[in-house]
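Visitor: Got a sequence here, can you build the structure:
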Amino acid sequence: MSTCALLALLATVLPLPIRDAIASSLRRTVVAPLLALQQRAERARTAFGGHDVLAARLDSLALRNAQLGDLADENVRLRGLLSLGRQLQWGFLPAEALHGRGMGDEHVLVLTRGSEAGVTPRSAVVAPAGLIGQVTTVDPRSSLAILWTHPDFRASAMASDGTAFGIVRPHLGEEPERSLLELRGVAFRDALTPGTLILTSGLGGVYPRGIPIGVVMGEVTTSEVWSRTYLVRPAVYPPDVNNVMILSPERVSSGAMDEVWSSVARADSAARGVAASADSLARLAAMAAAHRARQMDSLRAVLGLPDPADSLRADSVASTGGSAPTATQRRDSTRRVP
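Guide: From the prediction side, this is the model:
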């Protein structure tokens, strides 16, 4: 204690140049390790704080990207409805579709348009990709429509080239096949190949001709001798339906709609949009993983921790006896070259 007091007293009476020289010497020797330790601690604290901030930003970016994916899907659906409206030109009512699971029937849609808007029973319900179902009950401000999955659904159909006709109904098979349709009553001589597009034929006066129903998957073996039955993959899946168009009887009776639905390309473009959203999410996850790896590398560099890959390489070199003999052998081999 007395020594420290004596040194402090001497420091106060020494000339300024000598005191500066002593202080500089102490900073370079005794105080230098302490300063380095403090600097490393500050860097580590900054790195940890920056990692938390960047992690929060990545999480918010991932959430925003997921929300943008939903908005993009909704944008695709709304664009399809606008395009369908431009092609129909008149005789339709847009409506929001509410699924009727809460009413105890998964095969029913609740539509947000009723008799006040001009909806009538037996009106066709369609989407940009094709046929959805038919209105059965109409209230002043809402209506009920059965989907093509309903056991009572029937529609007169034909092949896109007009060579075969039949009746489309839901396929009441096992659970995985309940999402398919059947084309029944096709004349035995009119064989259809897989991939044939099935459209409404316009017979019966409910559905106009030319609305896509689905695509033939293959023939089903039945007990019927003079007719064929085919499995049909639907153009529209009910769980994907949120907005629809209700066709008026006047629009249905005006004639065919072959030019309105020339193909099911809109459904394919929607599928490509969903796939693009999934690819974007995968790229975002890869970028986040790479960023975390860079953060860990920076943190190891700040704290002076060894890289596990470098440690593994060092252990491998040590197990092979080092690289010095190889260098010596290379020099000796060089001397033998004439």
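Visitor: Residue 237: how many residues sit nearby?
Guide: 16 (other C-beta atoms under 10 Å). Glycine gets a C-beta too; all of them are placed from N, C-alpha and C.
Visitor: contacting residues for it?
Guide: Counting by C-beta atoms under 8 Å, 6 or more residues apart in numbering, residue 237 makes contact with residue 179.
Visitor: what about the closest residue to residue 170 other than its chain neighbours, is that helix, strand or coil?
Guide: In this structure, residue 170 finds its nearest non-sequential neighbour in residue 149, 5.3 Å apart by C-beta to C-beta, 6 or more residues apart in numbering. Secondary structure for residue 149, judged by DSSP: H, G, I helix; E, B strand; the rest coil, is coil.
Visitor: my read: residue 149 touches residue 178, true?
Guide: Yes. Residue 149 sits in contact with residue 178 when judged by C-beta atoms under 8 Å, with a separation of 7.0 Å.
Visitor: got any residues that touch both of the two?
Guide: By the contact definition C-beta under 8 Å, 6+ apart, residue 149 and residue 178 are jointly contacted by residue 170.
Visitor: neighbour-wise, which of those two wins?
Guide: For residue 149 and residue 178, the more surrounded residue by other C-beta under 10 Å is residue 149, and the numbers stand at 20 against 11.
Visitor: For the longest helix that the chain contains, name the packing helices and strands.
Guide: Assignment by DSSP state H gives helix 31-88 as the longest helix of the chain. If you count contacts as 3 or more C-beta pairs under 8 Å, 6 or more residues apart in numbering; DSSP states H and E, helix 31-88 packs onto strand 92-99, strand 124-127, strand 243-247, helix 265-303.
Visitor: Where among the ones you listed is average confidence lowest?
Guide: Note on the helices and strands packed on helix 31-88: helix 265-303 shows the lowest mean pLDDT, a mean of 58.
Visitor: So residue 122 sits against residue 134, correct?
Guide: Yes. Between residue 122 and residue 134 there is a contact under C-beta under 8 Å: 6.2 Å.
Visitor: what sits in contact with each of the two?
Guide: residue 206.
Visitor: Which of those two has more residues huddled nearby?
Guide: Neighbour totals were compared for residue 122 and residue 134, and residue 134 leads with 22 against 14 (other C-beta under 10 Å).
Visitor: angle of the helix or strand hosting the more buried one against strand 243-247?
Guide: Element membership of residue 134 [criterion: DSSP states H and E] is strand 130-138. Between strand 130-138 and strand 243-247, the angle comes out at 70 degrees (axes from the mean of the first three to the mean of the last three C-alpha atoms, to 10 degrees).
Visitor: Sketch out the strands for the stretch 151-300 of the chain, chain order is fine.
Guide: Secondary structure of the stretch 151-300 of the chain, counting by DSSP state E, counting those that start in this stretch: strands at 155-159, 165-170, 181-187, 197-200, 212-220, 227-234, 243-247.
Visitor: now, of those, which is deepest in the fold?
Guide: Mean neighbour count, computed with mean count of other C-beta atoms under 10 Å, is highest for strand 197-200 among these, reaching a mean of 25.
Visitor: in its sheet, what does that one sit against?
Guide: strand 155-159 (antiparallel), strand 212-220 (antiparallel) (DSSP bridges).
Visitor: Not counting its own residues, what contacts that strand?
Guide: By C-beta under 8 Å, 6+ apart, strand 197-200 touches 131, 155-160, 168, 183, 207-216, 232, 258, 261, 263-264.
Visitor: can you rerun that using 6 Å?
Guide: Identification of contacts with strand 197-200 by C-beta atoms under 6 Å, 6 or more residues apart in numbering yields 155, 157, 160, 207, 209, 210, 211, 212, 213, 214, 215, 232.
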